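**Q** The amino acid sequence is not available; the structure is as follows:
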C-alpha cells in the first residue's frame with residue numbers, strides 16, 4: 001500500500017456492486033462435480049482430521065488418491081488413516097504440525113520438499129477464527145500466522161520442487177471473509193499493535209494477505225504447469241471458532257451452524273478444482289466453491305502484494321532471495 005495515502009481513496013472507486021451481487025448469488029449455488037478418478041496420486045491436505053479437511057480427505061481417497069494429511073493431533077490423525085484404509089483401501093499417511101508455529105511450518109515445508117514422489121495436489125485448509133487477539137510462540141498474531149503465514153512459508157520452501165515437477169495444483173482454502181478487509185492491509189502493522197483488534201477484521205486481513213501472496217506465486221509458476229488458486233468453501237458447518245468462549249460457541253451452534261450447509265460441498269469443490277480438466281492451466285483465480293469471482297480490490301493490489309512478500313520473507317526467516 002502506498003505509504004501515507006488514504007486507503008479509502010485508494011480502493012473506494014474500485015468496488016463494484018456487480019461483484020457483491022455475484023457473491024450473494026454464488027453463495028446459494030451448488031458446486032460443479034468432477035467424477036474422474038485420481039488413482040495413486042499424492043494429495044496433501046492440512047487440517048485433515050475435521051470439517052472441510054476431513055471430508056476432502058475422504059473425497060480424494062474415494063477416488064483412489066494417496067492422502068498425506070498434516071494435523072495437530074496424533075490420535076485423530078491415526079484414526080483418520082485407519083478410516084481411509086478401511087473404507088477406500090488406500091494407504092494414507094500423516095504428519096504432525098502446529099501451524100501457529102513458524103518452526104513447524106518450515107519443518108513441514110522442508111519435509112514435503114524431500115518427498116521423492118510428485119505432490120499432485122496441495123490443499124492449504126488449516127485455519128482459525130479468534131474473537132480475541134492471541135499471540136503465537138513466535139509473538140505473531142495467531143490468525144495471521146495460521147491462516148496466512150503458514151501457507152506462505154510452505155509454498156515458498158516447496159516452490160522449486162513443485163516447479164520441477166512440471167505439474168501440480170496448489171489450492172488455498174480462502175474465504176469471502178477476505179472482503180472484511182475493506183480498506184486493505186497495512187504491511188507495517190501485521191501484528192495489530194496500533195489498531196483495535198476484532199475477529200472479523202483479523203480474519204479478513206489474513207485471507208486478503210493469502211490472496212496477495214497468490215498473485216506473486218502465480219507469476220513465479222507461470223508456464224511451469226503448476227497452478228495456484230483460492231476458493232471460498234461456502235458457509236458450512238465446521239469446528240472453526242471452537243477456541244472462542246462459551247457464548248460464541250453457543251451462538252455459532254444455534255444460529256450460524258443452523259443455517260449452514262454440509263462441508264461435503266466444500267470437499268466436492270476442492271476435488272473439482274484439484275482434478276477437473278476444466279481447470280487445466282487455470283491459475284491465480286478466486287472461486288466461490290467452483291464459480292470464479294473477482295476478489296475485493298485490496299486483494300488485487302500488486303504494490304501491497306510485493307511489500308507483503310518482502311515482509312513475510314523477513315518474518316519467516318526466509319529472506320534468502322526473491323523469486
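**A** Looks like it arrived, so ask away. Keep in mind it's a predicted model, so treat the numbers as computed, not measured.

**Q** Can you report phi and psi for residue 235?
**A** Torsion angles at residue 235 (phi, psi; degrees, to the nearest 10) stand at phi -80, psi 90.

**Q** Now it: closest residue in space that isn't a chain neighbour?
**A** residue 260 (5.0 Å; C-beta to C-beta, 6 or more residues apart in numbering). All C-beta spots, glycine's among them, are computed from the backbone N, C-alpha and C.

**Q** list the contacts for the one you found?
**A** 235-237 (C-beta atoms under 8 Å, 6 or more residues apart in numbering).

**Q** now do 10 Å
**A** When contacts are counted by C-beta atoms under 10 Å, 6 or more residues apart in numbering, residue 260 touches 234-238, 252.

**Q** So which of the residues you listed wins on neighbours?
**A** For those, the largest number of neighbours (other C-beta atoms under 10 Å) sits with residue 234, at 25 neighbours.

**Q** measure that residue to residue 262 for me?
**A** Distance of residue 234 to residue 262, given as C-beta to C-beta, to the nearest Å: 9 Å.

**Q** got the residue ranges for the strands in this structure?
**A** Secondary structure of the chain by DSSP state E: the strands cover 42-46, 66-71, 93-96, 121-124, 168-173, 226-232, 286-288, 291-293.

**Q** could the ones you listed go into a markdown table alongside mean neighbour count and mean pLDDT?
**A** Converted to a markdown table, the strands of the chain look like this (neighbours: other C-beta atoms under 10 Å; pLDDT from 0 to 100):
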| stretch | mean neighbour count | mean pLDDT |
| --- | --- | --- |
| strand 42-46 | 26 | 98 |
| strand 66-71 | 25 | 98 |
| strand 93-96 | 16 | 98 |
| strand 121-124 | 26 | 98 |
| strand 168-173 | 25 | 98 |
| strand 226-232 | 24 | 97 |
| strand 286-288 | 23 | 97 |
| strand 291-293 | 17 | 96 |
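
**Q** how about these, which one is nearest residue 315?
**A** Residue 315 lies closest to strand 121-124 among the strands of the chain, at 17.6 Å (C-beta to C-beta).

**Q** What strands flank the closest one, and is each parallel or antiparallel?
**A** Partners of strand 121-124 in the sheet, by DSSP bridges, are strand 42-46 (parallel), strand 168-173 (parallel).

**Q** quick one, which of these is nearest to residue 111?
**A** Comparing these by C-beta to C-beta, strand 42-46 comes nearest, at 10.6 Å.

**Q** Which of the helices and strands in the protein ranks last by mean pLDDT?
**A** Within the chain, no helix or strand scores below helix 246-251, which has a mean of 68 by mean pLDDT, DSSP states H and E.

**Q** ok, back up a step: switch the strands of the chain over to a markdown table, and while doing so, append distance to residue 266 to every line.
**A** Shown next, in a markdown table, are the strands of the chain (distance: least, C-beta to C-beta, whole Å):
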| stretch | distance to residue 266 |
| --- | --- |
| strand 42-46 | 12 |
| strand 66-71 | 15 |
| strand 93-96 | 20 |
| strand 121-124 | 11 |
| strand 168-173 | 8 |
| strand 226-232 | 8 |
| strand 286-288 | 11 |
| strand 291-293 | 13 |
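
**Q** now the closest residue to residue 257 other than its chain neighbours: how far from residue 54?
**A** Leaving aside its sequence neighbours, residue 257 sits nearest to residue 237 (C-beta to C-beta, 6+ apart; 4.7 Å). The spacing between residue 237 and residue 54, counted by C-beta to C-beta, is 12 Å.
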